[in-house]
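Novice: I'd like to go over a predicted model; first the sequence, then the structure.
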Amino acid sequence: MFDHSVSWIGLSEREVLSGESDDQIAYLVTLDELATGWVEPDRHVLPDELESMPAGLSLAMVVYSVDRSRLNGYDVVRLLEAEARLEAGVTAEKLASVAEIAHCPPGDAGSPVERTRDVVEYSEAEVAAALSLTRRAATTMMDQALWLETGGHRVKEALMAGLISERKAGLFYRSLSHLED
């Protein structure tokens, strides 16, 4: 089972050749690893397909179930990239909800599902109250959300896929929204 590399893990050849079973040898190796501190006892490993996972529930489950203190540096960077992708996807969904609010007439919890063709007056105030924003910030957010729904489809798709950040989507909105489709 072990060749010449036995001596560097702390087991002598006598211990290996003394007729110990593979399980006993593995147990001794594990004890030595834990005692010398060169192997983490419970290292988390991210899935190989993490980079190709779309922003959504599966990615959220991975991101929220991992203990980053048990990842090596390489995997912490991969986790950060996945978190940014997830954040962009959630932002795209939030902006879609803001665009939807623009067409919802006022009502209460028991109101029927209705939509209007035009933007409902004071819908920005609903967004401002829901997100604790100023009216101006809510108006800007609604304008961006409506642009993503009508003219910024490619930007919306890139944001939903996590290919760009909310800041980058905002930059595209400010740079392109005044242009014709």
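Specialist: Perfect, thanks for sending it. Residues are numbered from 1 along each chain as shown.

Novice: every contact and neighbour count from this point should use C-alpha atoms.
Specialist: Noted.

Novice: if you count neighbours, what's buried in the longest helix belonging to the chain?
Specialist: Counting residues, the longest helix found in the chain (DSSP state H) is helix 73-101. For helix 73-101, a neighbour-count test (16 or more other Cα atoms under 10 Å) marks 75-76, 79, 82-93, 95-96, 98-101 as buried.

Novice: next structured bit after that helix?
Specialist: helix 123-131 (DSSP states H and E).

Novice: pull the distance from that following helix to the chain's centre.
Specialist: 26 Å (Cα atoms, centre = their mean, to the nearest Å).

Novice: what packs against that helix?
Specialist: Applying 3 or more Cα pairs under 8 Å, 6 or more residues apart in numbering; DSSP states H and E, one finds that helix 123-131 contacts helix 73-101, helix 135-150.

Novice: quick one, the last one and helix 73-101 angle?
Specialist: In this case it means helix 135-150. 90 degrees (axes from the mean of the first three to the mean of the last three Cα atoms, to 10 degrees).

Novice: any regions of this structure where pLDDT drops low?
Specialist: Scanning the chain for pLDDT under 70 picks out the ranges 1-41, 181.

Novice: let's see it at 90
Specialist: In the predicted model of the chain, residues 1-50, 52-72, 106-111, 116, 120, 150-153, 161-166, 170, 172-181 satisfy pLDDT under 90.

Novice: from residue 140, how far off is residue 112?
Specialist: Counting by Cα to Cα, to the nearest Å, the gap from residue 112 to residue 140 is 28 Å.

Novice: now residue 170: which helix or strand?
Specialist: Residue 170 belongs to helix 166-176, assigned by DSSP H and E.

Novice: in that helix, what's buried?
Specialist: 166, 169-170, 173.

Novice: I'm done for today, thanks for sticking with me.
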